[in-house]
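Asker: build the 3D model from these lines:
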Amino acid sequence: MKVLFIGGTGNISTSVSRLCVDRGIDLFLLNRGTRHVSIPRARLIPCDIAEPGAAAAALAGHEWDAVVDWIAFTESQVERDITLFRNRTKQYVFISSASAYQKPPSHPVITESTPLYNPYWEYSRNKIACELRLERAYRDEGFPITIVRPSLTYDTVIPLALGGWTEYTVIERMKTGRPVIVHGDGTSLWTVTHAEDFAKGFTGLIGHQQAIGQSFHITSDELLTWNQIYEAAAEAAGCKPKLVHIASEFICRCEPSLTGTLLGDKALSAIFDNSKIKRFVPEFTATIPFSRGIRRTLEWFDAEPSRRIVTKETQEMMDRILGAYGRLGAGE
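Answerer: Modelled structure (predicted):
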């Protein structure tokens, strides 16, 4: 198969790219080539997809068995892709987000038929708008879409709610004995998926004729409380965490920028039913438990000091929330 990834060297997509070439897919990566990630046997097309004229020129003469856009976030971007790949690909895969599912959910178990609705997070609403535009293109003109909704998926990021992701701040706080905020009482359930596990399900959908017109989420079946997630991260870092539990609503009042990622995502239990992806890709199973995966992630951060980013702004934000919570407890 001849496949184009727009992006392809990010936190999730790098693992997918590597698995694709291992499985013999003729993989092309259209990106700016700035991340310096090695994908042996993949062919780079150096171009910025945000420049449609340059992209059209770079892709002239190509037709694809599948195109995957890893970096489309708005309706205008998928509109650009529809124009660029109309009648030039047998499958177009859009990377949406499991945060697009109904918040708060009307049922604790999430399936692909769970409604899409998120009043808290603009990022999620934009993903929903992208899905609706693509579904219209499929209905009206047969544009061959497949929609995939990752949940919290990690490899080269730290999947903790505050002070993590591309930052090392939350781990540094744990190591130095400073308090770390856990939203709610820490007992809500969540699923964290390693990118290599995600890749096994995702790669099985590429070129899958019956996946056209379908949507999927792909997650681990391991359910953990947020307390367990933080404790596993601390153990991997070789320390004992000082966890302070604070209601998500209070955190968001102190720091409104967290409203989307908390009230619009991580504050509520998420239990994903993976029956559909397993039906379409029978060999898919997630085999990397978080306790093992987070060790690998922290080893990646520790391998290069420049990756261990600790920001003054995040430290101050967390201390400000803790201070406000302490004053509340003191009756101020």
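
Asker: if you count neighbours, what's buried in stretch 275-283?
Answerer: Lys276, Ile277, Lys278, Phe280, Val281 (16 or more other C-beta atoms under 10 Å). Placement of C-beta: from N, CA and C, glycine included.

Asker: show me the strands in the stretch 1-150 of the chain, by range?
Answerer: Using DSSP state E, counting those that start in this stretch, the strands of the stretch 1-150 of the chain run over 2-6, 26-31, 43-46, 66-69, 92-95, 109-110, 145-150.

Asker: name the strands paired with the last one and say parallel or antiparallel.
Answerer: Right, strand 145-150. Strand pairing for strand 145-150, using DSSP bridges, gives strand 92-95 (parallel), strand 214-218 (parallel).

Asker: which other residues reach the last one?
Answerer: Looking back up the chat, that one is strand 214-218. By C-beta atoms under 8 Å, 6 or more residues apart in numbering, the surrounding residues in contact with strand 214-218 are 96, 98, 110, 112, 131, 146-151, 193, 198, 201-202, 205, 272, 274, 276-277, 280, 284.

Asker: before we move on, the earlier item: how about the buried residues of stretch 275-283 in a markdown table, adding pLDDT, secondary structure and distance to Thr34?
Answerer: Listed next are the buried residues of stretch 275-283 as a markdown table, based on pLDDT from 0 to 100; DSSP: H, G, I helix; E, B strand; the rest coil; distance: C-beta to C-beta, whole Å:
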| residue | pLDDT | secondary structure | distance to Thr34 |
| --- | --- | --- | --- |
| Lys276 | 98 | helix | 35 |
| Ile277 | 98 | helix | 32 |
| Lys278 | 98 | helix | 36 |
| Phe280 | 98 | helix | 34 |
| Val281 | 98 | coil | 32 |
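
Asker: would you turn these into CSV with distance to Gln228?
Answerer: Converted to CSV, the buried residues of stretch 275-283 look like this (distance: C-beta to C-beta, whole Å):
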residue, distance to Gln228
Lys276, 26
Ile277, 24
Lys278, 24
Phe280, 30
Val281, 28
